[in-house]
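*Asks:* requesting a structural model of the entry that follows:
(chains A, B and C)
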Amino acid sequence: MLQKLRENQNIQGLILILPTLLFMVGLLIIPLILTTVVSFGRRSADGGVIYTFTLDNYARLFGYSTTCTNGAASCFDPLYVDITVRSFWLALETTVLVILLAYPLAYFIARSTPKRRTTFLFMVLVPLWTNFVIRVYAWMMILRTQGVLNGLLGAFAGLFHIPFTPFDMLYTPGAVLVGMVYEFLPFMILPIYTSLEKIDNSLYEAAADLGANPLRTIFRVTLPLSMPGVVAGTILVFIPVMGTFIVSDILGGQKVMLVGNLIQRQFLDARDPTFGSAASLILMVMTLIVTYFYTRKFGFGEEIIAV
Amino acid sequence: MNPYRRSLFVKVMTFLVYFFLYAPIIVLITYSFNASRTNIVFAGFITQFGPLQMSGTTVVQSPCGPFHWFCELAKNREVMNAARNTLTIAFTSTISATVIGTMAALALQRYNFRLKAFSELSLYIPIVIPEIVMGIGILTLFSQLFTFFNNVLNLTGSARLGMGLATVIVSHITFSIPFVTMVVRARLQGFDKSFEEAAMDLGANELVTFWRVTLPMLMPGVLSGALMAFTLSLDDFVITFFTNGPGSTTLPIYVFGLLRKIITPQVNALSTVWILVVFTVVLALQWLQGRESRSQKAWK
Amino acid sequence: MPDFAVELRDVVKTFPTPEGGYVNAVDHVDMQIKNGEFFSLLGSSGCGKTTTLRMIAGFEWPTSGEVYIGDQGQGRKPPFQRPVNTVFQSYALFQHMTVFQNVAFGLEMEKTSNEEIKSRVGKVLEMVKLNGMERRSPRQLSGGQQQRVALARALVKLPTVLLLDEPLGALDLKLRKEMQLELKSLQREVGITFIFVTHDQEEALTMSDRIAVMSLGKVMQFGAPVEIYERPNCKFVADFIGETNFLEGVVQSSGDGTVRVQVPRVNSTLTGVARQEYKVGDPVVLSIRPEKIRLVETPQLNQNCFEVIVRNAAYIGSDTRLEVDLNGVKLKVWEQNHISTLDPRAYHQGTQTAWVSIMPENILVLPGE
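*Replies:* Reported below is the predicted structural model:
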């Protein structure tokens, strides 16, 4: 018995992977299949699911509406398409801004003396240790009309005797963008740093030796070599931004509706899990497509575990 | 050429980004000493002990002085319950995910077996799908299962199955496993098999070899995997949001609930405590690791 | 007491190749290793020597055939059930344990009492001159010291056979020579059978009682160092061990242990010795060691004496290494510089006519291809 087990690699491997498979299948794959099934169902009167096969939820998501202002039987309602497009754009804007902010910092750390690198990296991680929700709350305190930022601006204006009316910054799309950038910035810094740190100094010397000026070196050597880090960072930023609903909920008030908010409301307030499931499947497909094309072009590096 | 040369632009940007990262933290901490109940504007630090005129009209007893809000926090049973839940979930899910993830890393790195490609693929799913998709998937699964069993078994009252600590914990285990696996696998990749062969050669069977040689040598990887799982669990909001139930509120869920009401500086006090605790823990770990690597360097 | 410490009977080990095929890493090997012997497996990388050792240790199981330790067939026994111990090429010292804990590990597995562990570990550490180092971490030791810990860790178990997989490979040359002699005397002291894997022929010759020269999974020759060097049984062994000159020829006549061989390339006939019978007309290869060729001023009344032109002479201290031209064929000739003088003319110079003389017993007639 023992000897048989000892000689059977297949069974040893299966025993070791079994618990993982239980969790991955039971709490990831089956739920995803269930979500798919539910998304083709219909909402029951008490907010439950009636299992049938209907494309109604998807039709609604793509703008098919039966409650039209002009009295027609059906018309195009851009509500949900708008929400999806807005989420996509916000995720894109966030990712680009985060890359622009993260890159110089990551470069700075990677080009520090090895001893200081640890300290600088540590300083990137500290803000992450507060809670996600608490970080959003901090921005709420900063951005609100009587908040910190307006207070500072007012004091500053006061010094020069300029009349100052506080800005309404909270509950705007801008506030949501700032919140998103803040939440996900560290997830870009770490992978970029990891790939930059791997670049051997002799490469910079070779570039300089071959006559490249510093700017050309950055564009021809540093950037291409750090691409795996940027890709990993993008995946770590873009996907969560697409699905987050807290930042928009708290910093956007009710005004900025994203796919995440839409899904959340279907499950908790509107009580239409079938429509919510359809929306979340669309969300998943969108992120998978982006990830697929993005990683196919640039590869899926080990930088992703840098965080 | 100086390898550490950085342009002025990079230095200025670095300073600004660090400022951006820390400004909210400083605001959070400062406001936890706010002498205002509503916490909308900063009314100055609390400076005296005893009766205290808060902005607005209320007079409160403040035996803790500047730490008034910290004392209030300690008296808040909801917060204390949420903190206990958070830690219970974090510890249980970390330990389970670390054990399971380490096993998976060993399987994937050391063995060839059927379902290997499938297993590797499934471990990527939590990384490439948004959390909310996973959250509502698990919510749907459990709510359907619970409805089914409650009906079939005719469960009533407190016997009815529902969302709670258990559902949160298994969900946290699920999203932590892939990260533990990745970290441990990375460590296993540089692992020379001759150490295990040596142990077996000296008379240790497979299990003893694992406990006495493989695991201790793998420990740094296992520990950083565990630390990662712990952080992920502590920080998680989305999945907990969909899988928690009455009595399993965690701190993030509790704070989120407060954000729509009037928030007292208690929340800031909570944040300050949180940062301090995590900071201390991580610093201690860093110090331990540093000591380890210093003793490693000694002979070089 | 069984006849052999280790015996391999028709052992084959097959590995899959990356291209999807199969290769016999060890190809029908029979081997008998006597009790108390210092036995070396010698060959270049990929010859199957390490796989052979690993099959004796139990890290690999034979595809077919059987490994015997003592008179016990080992079958598919795992390493921890075999009475042999291994010293690894990388030492494989447990980094998370002290020197003492490393050496004690094997005894702990045998559930030896604490006092006995203490005394045995102390004794073996003294034997390898590491007393006082018990509490150090392996990381704090030099390469040579780590090597000794690995040795002590295996020896403390008092195995019937000690397996050594290129244990000196990572040491620098000087330390290596020292360790060779030390290992050899240690082996005499403990009386345990050593099976030593190496690709270094000098190492094998220095230390071994007997050597098996391996190539492509097969054993080419078993023999004592002198035999392997002086009487190789094939062209491969003659070429692999030391340096030699090869001349291809055809048997002209044979008898009385000597063979006359016609060598067309030098247009003459040489007389040598053979280990086997040859018929007239058999293709053969002559192997002549460079140090066995004597360079003389005048022709000798000898069967194997030829006029040559000295093309090149390199003075390397103990020897002068020459390249001579025998009817258009280049031969390596090593002359020992046994005269003590500072006069450069005393040593052979380039481009001059001379005679070479080779004793028939120094010309080995080996089977041709």
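*Asks:* report the buried residues of the helix or strand hosting A:Gly179.
*Replies:* A:Gly179 is part of helix A:173-198 when elements are defined by DSSP states H and E. Residues A:173, A:175-197 are the ones in helix A:173-198 that count as buried (16 or more other CB atoms under 10 Å in any protein chain shown). The C-beta positions use only the backbone N, C-alpha and C, and glycine is treated the same way.
*Asks:* who are the packing partners of it?
*Replies:* In terms of contacts (3 or more CB pairs under 8 Å, 6 or more residues apart in numbering or on different chains; DSSP states H and E), helix A:173-198 is packed against helix A:79-110, helix A:114-129, helix A:132-143, helix A:223-243, helix A:246-251, helix B:8-31.
*Asks:* tell me the angle the second one makes with helix B:8-31.
*Replies:* In other words, helix A:114-129. 40 degrees (axes from the mean of the first three to the mean of the last three CA atoms, to 10 degrees).
*Asks:* what is helix A:114-129 packed up against?
*Replies:* Helices and strands touching helix A:114-129, by 3+ CB pairs under 8 Å, 6+ apart, are helix A:79-110, helix A:173-198, helix B:8-31, helix B:215-235, helix B:266-297.
*Asks:* and the pLDDT at whatever residue of the stretch 101-250 of chain A ends up closest to chain C?
*Replies:* Among all residues of the stretch 101-250 of chain A, A:Pro114 sits closest to chain C, at 20.5 Å; criterion: CB to the nearest CB. According to the prediction, A:Pro114 has pLDDT 81.
*Asks:* what's the local residue count around C:Glu66?
*Replies:* Neighbour count of C:Glu66, defined by other CB atoms under 10 Å in any protein chain shown: 13.
*Asks:* list the contacts of whatever helix or strand it lives in.
*Replies:* Here C:Glu66, judged by DSSP H and E, is contained in strand C:64-69. The contact list for strand C:64-69, computed with CB atoms under 8 Å, 6 or more residues apart in numbering or on different chains, reads C:4-12, C:28-29, C:55-56, C:73-75, C:82-84, C:160-161.
*Asks:* report pLDDT for B:Thr240.
*Replies:* 94.
*Asks:* equivalent analysis for B:Leu232, please.
*Replies:* 86.
*Asks:* that one and chain A, how far apart?
*Replies:* Distance from B:Leu232 to chain A, counting by CB to the nearest CB, to the nearest Å: 10 Å.
*Asks:* show me what contacts that residue?
*Replies:* B:Leu232 makes contact with B:His172, B:Phe175, B:Ser176, B:Phe179 under the criterion CB under 8 Å, 6+ apart.
*Asks:* near chain A too, which of those?
*Replies:* Applying CB under 8 Å from any CB of the partner chain to those, one finds that B:Phe179 fall near chain A.
*Asks:* if I pick the residue in the stretch 101-250 of chain C that chain A sits nearest to, what's in contact with it?
*Replies:* Ranking the residues of the stretch 101-250 of chain C by distance to chain A (CB to the nearest CB) places C:Met109 first, at 17.3 Å. C:Met109 is in contact with B:Leu202, B:Gly203, B:Ala204, B:Val208, C:Phe80, counting by CB under 8 Å, 6+ apart.
*Asks:* what does B:Ala74 give?
*Replies:* Per CB under 8 Å, 6+ apart, neighbours of B:Ala74: B:Met80.
*Asks:* quick one: mean pLDDT for stretch B:157-169?
*Replies:* 87.
*Asks:* residues in contact with that stretch?
*Replies:* For stretch B:157-169, the surrounding residues in contact (CB under 8 Å, 6+ apart) are B:85, B:88-89, B:92-93, B:96, B:138-139, B:142-143, B:145-146, B:149-150, B:155, B:239-240, B:243-248, B:250.
*Asks:* tell me how far it lies from the chain's centre.
*Replies:* Stretch B:157-169 has its C-alpha centroid displaced from the chain centroid by 22 Å (CA atoms, centre = their mean, to the nearest Å).
*Asks:* so which bits of that stretch are buried?
*Replies:* Neighbour-count burial for stretch B:157-169 flags B:Leu161, B:Gly162, B:Met163, B:Gly164, B:Leu165, B:Ala166, B:Thr167, B:Val168, B:Ile169 (criterion: 16+ other CB under 10 Å).
*Asks:* restricted to helices, list those residues.
*Replies:* B:Leu165, B:Ala166, B:Thr167, B:Val168, B:Ile169 (DSSP state H).
*Asks:* can you pull the contacts of the residue nearest to C:Gly70 when sequence neighbours are not counted?
*Replies:* With sequence-adjacent residues excluded and distances taken as CB to CB, 6 or more residues apart in numbering or on different chains, C:Gly70 is closest to C:Pro2, at 4.7 Å. If you count contacts by CB under 8 Å, 6+ apart, C:Pro2 has them with C:Asn35, C:Gly70, C:Asp71.
*Asks:* quick revisit: which one of the ones in helices among the buried residues of stretch B:157-169 sits closest to chain C?
*Replies:* Nearest to chain C among these: B:Ile169, at 31.8 Å, using CB to the nearest CB.
*Asks:* and that closest one, how close does it get to A:Leu18?
*Replies:* When distance is defined by CB to CB, to the nearest Å, B:Ile169 is 19 Å away from A:Leu18.
*Asks:* sorry, back to before: can you lay out the helices and strands packed on helix A:173-198 as a markdown table showing distance to C:Ala150?
*Replies:* Converted to a markdown table, the helices and strands packed on helix A:173-198 look like this (distance: least, CB to CB, whole Å):
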| stretch | distance to C:Ala150 |
| --- | --- |
| helix A:79-110 | 39 |
| helix A:114-129 | 33 |
| helix A:132-143 | 51 |
| helix A:223-243 | 39 |
| helix A:246-251 | 57 |
| helix B:8-31 | 49 |
